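> mind folding the following:
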Amino acid sequence: MKFVQIIDFETERLDEMEQLLEEAGQRLADRAGGGPTHRMLLKDRDHPRRYLALIEFESYDEAMRNSDDPETSRMAEQLGALCLGERVYTNCDLLDARDLK
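Sure, this is the predicted structure:
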């Protein structure tokens with residue numbers, strides 16, 4: 001079953017965060033094993049510093065392997081330093097996803 005982690009965070013430094021993610025994606029492109037398969041980034045229209053990142057994995061086990069990777073831990077620390085306050089993580093099993101048009 002696919003797995004999605006939702007990360008709720010606030011930042012005023014989104015450009016720097018996106019640069020870190022781009023660099024990490026390039027480094028990890030040839031890595032064997034399952035990293036994230038899909039990512040969505042949402043901006044809260046009512047709270048302009050608040051974002052929700054939806055990160056999809058093939059399974060919960062793949063997500064946990066990714067979390068245990070030292071490169072992932074380093075990137076999470078760097079991203080956390082760019083956040084205002086604490087990040088909130090929500091772990092979800094993906095029950096349904098479809099295009100509606």
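
> who is L42 paired with across the strands?
In this structure, L42 bridges to L52 when assessed by DSSP bridges.

> number of residues surrounding it?
12 (other CB atoms under 10 Å). C-beta: built from backbone N, CA, C; applies to glycine.

> surely it touches Y51?
Yes - L42 is within contact range of Y51, at 6.5 Å (criterion: CB atoms under 8 Å).

> tell me which residue lies nearest the centroid of this protein.
I55 (4.4 Å; CA atoms, centre = their mean).

> name the SS class of that residue, please.
Using DSSP: H, G, I helix; E, B strand; the rest coil, the secondary structure recorded for I55 is strand.

> then the one 10 residues further on?
For R65, the reduced secondary structure class is helix; criterion used: three-state DSSP.

> from G85, how far off is it?
28 Å (CB to CB, to the nearest Å).

> same drill for these two, tell me which one is more crowded.
R65 (15 against 9).

> the helix or strand where T72 lies - contacts with which helices or strands?
Assessed by DSSP states H and E, T72 sits inside helix 70-81. Where contact means 3 or more CB pairs under 8 Å, 6 or more residues apart in numbering; DSSP states H and E, helix 70-81 is packed against helix 14-28.
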